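>>> structure for this input, please:
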Amino acid sequence: MYETQAAVVGTVITDPVKRETGSGEEVMSFRMASNVRRRDRESGEWVDGGTLYLTVSCWRRLVQGVGASLMKGDPIIAYGELRTNEYRTRDGEPRSDLEMRAAAVGPDLARCSAKLDRTGRLRVASAEDATEPPAVDGEADELVGTGTAALAG
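Model (predicted):
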């Protein structure tokens, strides 16, 4: 089914839309575009190359994060499994669409800045505590129980 892993740098070109499958599972999808720009040696001008368009589908925990964070026009990096969907239009014309089942989606920090929401996560508070591994979701009680000084981020 999905076997080709890829990271694509681009821009969200449609607002993310959440829907529910027949089995009750949520999925959030949006379209993104990735294009290449290069400098023409003769003219010194920047020239746009071709554009790759794909649909990004987000499942499970990714639905909430993408829904709360992304909108049309945002610069992103998406990583996941690629596949081609082939279908026919109403007029009978054969078409294909590239889809990514995303494992991770985030802002492209080369083109924007982001403020992280660390609600529910703990962070190491001092250099002495830096030898302790940082807490991850579900480990907060364990870390606090050891007396480690931690701040809610």
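
>>> contacts for stretch 81-89?
By CB atoms under 8 Å, 6 or more residues apart in numbering, the residues outside stretch 81-89 that reach it are 1-6, 54, 94-101, 103. Quick note: C-beta positions are derived from backbone N, CA and C, even for glycine.

>>> and that stretch, C-alpha only, in CSV?
In CSV, the C-alpha atoms belonging to stretch 81-89 read as follows (Å, rounded to 0.1, in the frame of the first residue of the first chain):
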residue,chain,number,x,y,z
GLU,A,81,4.1,7.8,2.9
LEU,A,82,3.3,8.6,-0.7
ARG,A,83,0.9,6.9,-3.1
THR,A,84,-0.8,7.7,-6.3
ASN,A,85,-4.6,7.6,-6.6
GLU,A,86,-5.9,6.9,-10.1
TYR,A,87,-9.5,7.7,-11.0
ARG,A,88,-11.8,8.9,-13.8
THR,A,89,-13.6,12.2,-14.0
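
>>> flag every buried residue along that stretch.
Residues of stretch 81-89 classed as buried: Glu81 (neighbour count, 16 or more other CB atoms under 10 Å).

>>> swap in stretch 6-15?
Neighbour counts over stretch 6-15 (16+ other CB under 10 Å) mark 8, 10-12 as buried.

>>> so which residues make contact with that stretch?
By CB under 8 Å, 6+ apart, the residues outside stretch 6-15 that reach it are 30-35, 52-54, 70-80, 82, 100, 108.

>>> so which of those residues belong to strands?
Taking DSSP state E as the definition of strands, the contacts of stretch 6-15 contribute 30-35, 52-54, 75-80, 82, 100.
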